[in-house]
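Trainee: based on what follows, work out the 3D shape:
(chains A and B)
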Amino acid sequence: MRPGRRHLLLSLAAGALFVVALALGDQFLDSFQLRVSSLCAIYVVLALSLNLVNGFTGLFSLGHAGFMAVGAYTCALLTMTPEQKEMNFFLAPVVPWLAHLSIPFLPALVAAGLVAALIGFLVGAPALRLKDDYLAIATLGFAEIIRVVLTNTQTLTNGALGLKGLPMYATTWVVWPCAALSVAFMVFLTRSSYGRAMKAVRDDEIAAGAMGVDVFRVKVVSFTVSSFMAGVGGALLGHLLTTIDPKMFTFMLTFNILLVVVLGGIGSITGSVIAAIGVTILMEVLRFLDGPLNFGLFETEARPGLRMVVFSLLLMAVVLFRQRGLMGNREFSWSMFSRAGLARREDGRA
Amino acid sequence: MTLPLLLQHLANALALGSLYALIAIGYTMVYGILRLINFAHGDVFMLGAYVAFYCVALFLLPWWASFVIAIVVTALMGVLLERVAYRPLRDSPKISVMISAIGASFLIENVAVVLFGGRPKGVAVPDILNVKLTLGAVSVMSVSLVIPICTFALLAVLLWVVGKTRTGMAMRAVSTDLDAARLQAIDVNRIISFTFGSGSLLASFGGILWSYKYPQLNPLMGVMPGLKCFIAAVIGGIGNIQGAVLGGFLLGAIELLTIAFLPTLTGYRDAFAFVLLIVVLLVKPSGLLGSRQVEKV
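Mentor: The predicted model follows:
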């Protein structure tokens, strides 16, 4: 059998196995474990979207939390029933055109992505003229502006009170297909001419421009697509936690996603997926660190924050000692397993 | 608005602007030399305030002694920060250094949450800074006058150091061209440490004065001032010390006067700086006093 066909079969088998695992998980895991599993899938979407701009296009953007917030609020406001809106907006009534609007989850999810993409485009068009650290601080600024606006538009977003009691739509059969779709999309994108143009811009902007790549256009497209994914991820997160407020979408959230991307390897889809799952599980496993610690001989009092110390140290350690992260910019492929000589190697898949 | 009220607002704006200026200088000095946003600078500011607080609260030192101790300790922390988080990455891609800076910032914040606790702490303001001065219809706390005086005194010292001493000359050389400076037998590492030390010293000075003006501490108190002061440095022209001071005063004035004249915008206070940043970056990226840098291929 030709390696190409064998790899296709292997991929199909892995896909089927994945679906079976999801079905089994959905049946046998308890609600907490399911929640963590859904969180893993959402982090896959978010990490891939950040990796698209940071890793594949080389734009250091720190504005992700803002686009997530836009997505989360859009989706929540579209799916909530008029009664729920009335209950939430007790300080000031919601704007009339939203009061009676209520659409099903999936169209709302797409709308969340589209609105986030639109905001991403509006932010990106001016901000992407900047480079490196200026871009980072400008995107961070935009995210902060989005958050401040969300806090202050009482009749549209319910301000600092946030929205409570969102329907729990983000089930296993919603979030994991979204994650799988994101992975597939990223794989196809990075292999397309657009993906190659993005990598060219990342590696050397001036050379890419000289080769006829429309650098600015590629940047804006990458940023907009990434905002779309961030918006979808934010919407899923909102409907998993069933409550959102502006305080959720601070720089801390962007930091978590950045941690995943750096750990997995900047510019690796495989790395982002593995790290998203690993970090999410680790965050839950290490939750005990925030409580009282028992060392046998003595017990320390609860120290909320210790968990984040561990993650900050982890990030610093990776940056200082292993900048490539888990995967560098390599990707998983079946030919990783076939030993040299036994099967013909496929190359150029990175 | 009546004149006394306006003067009152101006006095507050002057004090806030001075604090911003003190922190912004540290950003601008580090950026001038290493082309690096020291994300952890705002956290150094927070550490300064906390060290001073604990010197008074735990060791019962007089406030001026704790002031001096806090400044020295924080300056050393700044030097240590550079050693651990930035020096190993000096030849790495910019993105790695920036991630390291963000990591360092989060590390300091979270260690502070663990060590100091997340609950805000009240600061005992020294009596001499807590005097109410009344001039006609205007009344200000003495601390609001002490802050600008300290800022200008420190600025004068700093400008003398940078402009007239051998170390200052070396700093300017390193900021112009790091490799060429090394070839002139300048100990680049020592100069960078000195820069971080003096920047952190100013930040902790600002942090302690901040805690006297707004007497409450929390581990995340440095985040917003940190971001705003970086913006102040960009507005003034990054790499330029006078520019950073100008940017700090401008930002303080815009923030407080907008609130004074348009109280409905109070909720948007934290967004002003970012809007200003984006406008400046798009219209004049080199800032008010900065010189334009040409990108070489």
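Trainee: which residues touch residue 216?
Mentor: Unless you meant another one, I'm taking chain A. For residue A:216, the contact set (Cβ atoms under 8 Å, 6 or more residues apart in numbering or on different chains) comprises A:128-129. (Glycine included, C-beta is placed from N, CA and C.)
Trainee: think we crossed wires, I meant chain B
Mentor: By Cβ under 8 Å, 6+ apart, the contact set of residue B:216 is B:120-123.
Trainee: and with 7 Å instead?
Mentor: With contact set as Cβ atoms under 7 Å, 6 or more residues apart in numbering or on different chains, residue B:216 has these partners: B:120, B:122-123.
Trainee: so how many other residues sit close to residue 89?
Mentor: You didn't pick a chain, so chain A it is. Residue A:89 has 21 neighbouring residues, counting by other Cβ atoms under 10 Å in any protein chain shown.
Trainee: ah, I was thinking of chain B
Mentor: 19.
Trainee: nearest spatial neighbour of residue B:128, chain-adjacent residues omitted?
Mentor: Nearest residue to residue B:128, sequence neighbours excluded (Cβ to Cβ, 6 or more residues apart in numbering or on different chains): residue B:142, at 6.9 Å.
Trainee: and the stretch 251-350 of chain A, which residues reach chain B?
Mentor: Within the stretch 251-350 of chain A, the positions near chain B by Cβ under 7 Å from any Cβ of the partner chain are A:255, A:258, A:262, A:303-306, A:308-309, A:312-313, A:315-316, A:319-320, A:323.
Trainee: got a winner among the residues you listed for most neighbours?
Mentor: In terms of neighbours by other Cβ under 10 Å, these top out with residue A:262 at 32 neighbours.
Trainee: correct me if wrong: that one contacts residue A:323.
Mentor: No: between residue A:262 and residue A:323 there is no contact under Cβ atoms under 7 Å: 8.5 Å.
Trainee: quick check: residues of chain B near chain A?
Mentor: Applying Cβ under 7 Å from any Cβ, we find that chain B lies next to chain A at B:37, B:85, B:88-89, B:92, B:94-96, B:98-100, B:102-104, B:106-107, B:110-111, B:113-114, B:118, B:230, B:267-268, B:270-271, B:274-275, B:277-278, B:281-282, B:297.
Trainee: from these, which would you call buried?
Mentor: Buried members of the residues of chain B next to chain A, scored by 16 or more other Cβ atoms under 10 Å in any protein chain shown, are B:37, B:85, B:89, B:94-96, B:98-100, B:102-104, B:106-107, B:110-111, B:113-114, B:230, B:267-268, B:270-271, B:274-275, B:277-278, B:281.
Trainee: which ones are touching residue 140?
Mentor: Because you didn't say which chain, this covers chain A. A:62-63, A:251.
Trainee: can you look at chain B instead?
Mentor: Contact analysis of residue B:140 by Cβ under 7 Å, 6+ apart lists B:11, B:133.
Trainee: is it bridged to anything, and to what?
Mentor: residue B:133 (DSSP bridges).
Trainee: measure it to residue B:206 for me?
Mentor: Noted for residue B:140: a distance of 19 Å to residue B:206, by Cβ to Cβ, to the nearest Å.
Trainee: helices of the stretch 251-350 of chain A, start to end?
Mentor: A:251-264, A:269-285, A:306-321 (DSSP state H, counting those that start in this stretch).
Trainee: hmm, I typed the wrong one, I wanted chain B.
Mentor: B:3-34, B:41-57, B:63-81, B:94-116, B:142-164, B:166-176, B:178-183, B:188-213, B:223-236, B:241-261, B:269-283 (DSSP state H).
Trainee: what's the angle between the fourth one and helix B:41-57?
Mentor: Angle of helix B:94-116 versus helix B:41-57, following axes from the mean of the first three to the mean of the last three Cα atoms, to 10 degrees, is 20 degrees.
Trainee: helices and strands around helix B:94-116, which ones?
Mentor: helix A:132-152, helix A:251-264, helix A:306-321, helix B:41-57 (3 or more Cβ pairs under 7 Å, 6 or more residues apart in numbering or on different chains; DSSP states H and E).
Trainee: do that again at 10 Å, thanks
Mentor: Secondary-structure packing of helix B:94-116 (3 or more Cβ pairs under 10 Å, 6 or more residues apart in numbering or on different chains; DSSP states H and E): helix A:132-152, helix A:251-264, helix A:306-321, helix B:41-57, helix B:63-81, helix B:223-236.
Trainee: most tightly surrounded among those helices?
Mentor: Each of the helices and strands packed on helix B:94-116 was assessed for mean neighbour count using mean count of other Cβ atoms under 10 Å in any protein chain shown. The highest is helix B:223-236, with a mean of 27.
Trainee: and that helix, average pLDDT?
Mentor: For helix B:223-236, mean pLDDT rounds to 90.
Trainee: check stretch A:25-43 too.
Mentor: Mean pLDDT, computed over stretch A:25-43, is 90.
Trainee: pull the CA atoms of it into CSV?
Mentor: Written as CSV, here are the backbone C-alpha positions of stretch A:25-43 (Å, rounded to 0.1, in the frame of the first residue of the first chain):
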residue,chain,number,x,y,z
GLY,A,25,-16.7,9.8,27.7
ASP,A,26,-20.1,11.5,27.3
GLN,A,27,-21.7,8.3,28.8
PHE,A,28,-19.4,7.5,31.7
LEU,A,29,-17.6,10.7,32.9
ASP,A,30,-19.2,12.6,35.7
SER,A,31,-20.3,16.1,35.2
PHE,A,32,-17.1,17.7,36.6
GLN,A,33,-14.9,15.6,34.3
LEU,A,34,-17.2,16.4,31.3
ARG,A,35,-16.8,20.1,32.1
VAL,A,36,-13.0,19.8,32.1
SER,A,37,-13.2,17.8,28.9
SER,A,38,-15.3,20.6,27.3
LEU,A,39,-12.9,23.2,28.7
CYS,A,40,-10.0,21.3,27.0
ALA,A,41,-11.8,21.5,23.6
ILE,A,42,-12.5,25.2,24.0
TYR,A,43,-8.9,25.8,24.9
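Trainee: does that stretch reach chain B?
Mentor: No: Stretch A:25-43 lies out of reach of chain B by Cβ under 10 Å from any Cβ of the partner chain, never closer than 17.6 Å.
Trainee: what does that stretch rub up against?
Mentor: With contact meaning Cβ atoms under 10 Å, 6 or more residues apart in numbering or on different chains, stretch A:25-43 is reached by A:22, A:68, A:168, A:170-180, A:182, A:232-241, A:256-257, A:260, A:272-273, A:275-281, A:283-285.
Trainee: rerun at 6 Å
Mentor: The contact list for stretch A:25-43 (Cβ atoms under 6 Å, 6 or more residues apart in numbering or on different chains) reads A:170, A:172, A:175-176, A:179, A:233, A:236-237, A:240, A:276-277, A:280, A:284.
Trainee: ok, residue B:199 - how many residues close by?
Mentor: As a burial measure, residue B:199 scores 28 neighbours (other Cβ under 10 Å).
Trainee: could you do residue B:159 as well?
Mentor: 14.
Trainee: any idea how far residue B:108 is from the nearest residue to it once chain neighbours are set aside?
Mentor: Spatial nearest neighbour of residue B:159, excluding adjacent residues (Cβ to Cβ, 6+ apart): residue B:241 at 6.6 Å. In this view, residue B:241 and residue B:108 are 25 Å apart by Cβ to Cβ.
Trainee: which residues sit in contact with residue B:199?
Mentor: Taking Cβ under 6 Å, 6+ apart as the definition, contacts of residue B:199 comprise B:26, B:29-30.
Trainee: cool, thanks, talk later.
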